[in-house]
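In: quick one, what's the 3D model for this:
(one chain, ligands or ions: 1)
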Amino acid sequence: MKKQVVTAVLLLAATLTNQAAQPTEAVLVIRNVNLLAQSGGAAVQPGMSVLLRGGRIAAIGPAAEVIAPTGAVQIDGTGKFLMPGLIDLHVHLSKTRASAMNLLIAHGVTTVRDMGGDHQELLAWRRSIEGGERVGPTIVLAGPYLESVRNIERMRKDPPSLRVEPFERTRIGVGSPADARRTVAELAARDIDFIKIRTVADPDTYLALNAAANEHGIALVGHVTGIPPQRILDGGQDGIDHFIYPSLDNESERMALWKGFAARNVPIVPTIDVFLRTALLPAEQLKKIAEDDGGVVEPRRRYLSRYLALDWREQALEASDERRVAQQRIWTEVVRRDLREMHRAGMDVLVGSDTAVLNIYPGSAVHDEMELFVTELGMTPAEVLDRTTRRSAEFLRLGDSIGSIARGKVADLILLDADPTLDIRNTRRIAAVFVRGRMFDRAALDRIQADVLAAPDVRSDDWGRTARKQ
Ligand SMILES: [Zn+2]
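Out: The predicted structure is shown next:
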């Protein structure tokens, strides 16, 4: 008896919070739209209607057959294109700060993979998004990321003026195989979705990290610079970020390796924009962008948080024309060649922006990266869209809930003014974004973007080392 009462009270409480927090209870119908149900797959289906209810896709069908209940919000999709929300597989939200999540939604990014940051804070942000108190994407996260102990020591030795990031909150040093096993066990017990590796002490520690991650059943992804390519495949790493360098000299050996990764469903997220929009730019230009608080050189610069603006100044100090020349060679002679081969070999090349890197802007960066997939890797727009939606969702093991438009899936959608399969740049022409069924029309998207300019984290540093002094 007593138990029943408690259950009833709990149910009531749950209902009340749901109503308060979720504007997703509304029923919406997008009428007579051109549907890209699976962005890369079949042709565009004209004259379709999609019914959204309770944050999910409730019905899809020819416009004449989808009957909307009375009181449903009607959205005229005539001449427009409906596709799944975009997934950015490489962001650092701790560095962009919370206000940047408005920019992600304003650019149709409804899911992100956070590749390392301030774990407790990221969890709090994720909870407030899920609770409906904050606008933002679905966050899949690594928590803190792994570095070689030597790298952490080097950061500690930097003069305080060069230590903008509170790196003790974001990075864990791993110095030996025993250390690797201990760290992976500790991380696996936390609320994280995968482990990210950035730098590693030695090959044995690298293999120990992989073995421990496999044992705990948690995915290990990240940088592989300096690791022999065959060892990456044998070690069992679940995803590669940026590039493989040094690579192999022999083409047939490389193709065999890429096919090996393809067979194991190991994708690469190359973040091409870090080469083409950052590393290959003259140091002088990067410094100008870093110092351009008013957004004169680049209007998107105005939406940066204060922390990220300080971080970019630090990043600009590392830029040099000598470094640029070296990066230019790596890109043209090795990385671009390898990426094209990987694609040919059937290895998944996926879209991530590395947002938080100097000159990579939250939200719009994913559109820049998609465009580079067409111009630099020779993919068709449809192939790129498939990679930024369905294939990324599957990689994140979220294929059952997001990544395509199907009955029962989460209503994360973008309504476009023009066909993105004809020109990838049309993904920038956003008429509306639906986030778990909640609609942001053009006016609402402009409003949440404008809100960023007045956000507290844009006015002052709320995270980095200078934050404590204020
Ligand atoms: Zn990164």
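
In: what is the neighbour count of the closest residue to the ion within the stretch 1-150 of the chain?
Out: Relative to the ion, the nearest point of the stretch 1-150 of the chain is M115 (4.5 Å; Cβ to the ion). To be clear about C-beta, it is placed using only N, CA and C from the backbone, and glycine gets the same treatment. By other Cβ atoms under 10 Å, the residues close to M115 number 27.

In: P456 against D462, yeah?
Out: Yes: the pair P456 / D462 is scored as a contact, 6.4 Å apart, by Cβ atoms under 8 Å.

In: and the residue of the stretch 351-470 of the chain with the smallest separation from the ion, what pLDDT?
Out: Residue of the stretch 351-470 of the chain nearest the ion, by Cβ to the ion: D354 (4.6 Å). Model confidence at D354, given as pLDDT, is 98.

In: the residue nearest to it when sequence neighbours are not counted and the ion, how far apart?
Out: Distance criterion Cβ to Cβ, 6 or more residues apart in numbering; nearest residue to D354, sequence neighbours excluded, is T271 at 4.2 Å. Distance from T271 to the ion, counting by Cβ to the ion, to the nearest Å: 7 Å.

In: might you report the residue contacts of T271?
Out: Residues in contact with T271, defined by Cβ atoms under 8 Å, 6 or more residues apart in numbering, are 90, 241-242, 352-354, 357, 369.

In: and stretch 55-73, which residues are buried?
Out: Using 16 or more other Cβ atoms under 10 Å as the burial criterion, the residues of stretch 55-73 that qualify are 55-58, 60, 63, 66, 68.

In: in those, find the pair that's most separated.
Out: G55 and A63 (22.6 Å; Cβ to Cβ).

In: pop out the phi and psi values for the residue of the stretch 351-470 of the chain closest to the ion.
Out: phi 60, psi 40 (degrees, to the nearest 10).

In: just V66 next, same as before
Out: Dihedral angles (degrees, to the nearest 10) for V66: phi -90, psi 110.

In: how about it, what does it touch?
Out: 29, 31, 49-51, 59-60.

In: how about those in TSV, adding distance to S401, pLDDT and secondary structure?
Out: As requested, those are exported to TSV (distance: Cβ to Cβ, whole Å; pLDDT from 0 to 100; DSSP: H, G, I helix; E, B strand; the rest coil):
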residue	distance to S401	pLDDT	secondary structure
V29	21	98	strand
R31	25	97	strand
S49	22	98	strand
V50	16	98	strand
L51	18	98	strand
A59	17	96	strand
I60	16	96	strand
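
In: who wins for neighbours among the residues you listed?
Out: V50 (27 neighbours).

In: pretty sure that one contacts V33?
Out: Yes: with contacts counted by Cβ under 8 Å, V50 reaches V33, the gap being 6.9 Å.

In: overlap in contacts, the two.
Out: Common neighbours of V50 and V33 (Cβ under 8 Å, 6+ apart) are L82.

In: list phi and psi for the most centrally placed residue in the chain.
Out: Closest to where the C-alpha atoms of the chain average out (Cα atoms, centre = their mean) is D88, at 2.7 Å. Dihedral pair for D88: phi -100, psi 110, per degrees, to the nearest 10.

In: so it sits against V351, correct?
Out: Yes: D88 is within contact range of V351, at 7.1 Å (criterion: Cβ under 8 Å).

In: who's more crowded, P456 and D462?
Out: D462 (18 against 12).

In: and the pLDDT at D158?
Out: For D158, pLDDT reads 80.

In: going forward can the numbers begin at 696, since that is how I track them
Out: New numbering, starting at 696: the last item is D853.

In: gap between it and the ion?
Out: 19 Å.

In: which parts of the chain sit against the ion?
Out: 810, 1049 (Cβ under 5 Å from the ion).

In: mind checking the end-to-end distance for stretch 914-930?
Out: Using Cα to Cα, to the nearest Å, the span of stretch 914-930 from its first residue to its last is 12 Å.

In: ignore the last one, stretch 1111-1131
Out: OK, stretch 1111-1131 end separation, Cα to Cα: 17 Å.

In: one more: stretch 815-834?
Out: 13 Å.

In: now that stretch: how far from the chain's centre is it?
Out: 15 Å (Cα atoms, centre = their mean, to the nearest Å).
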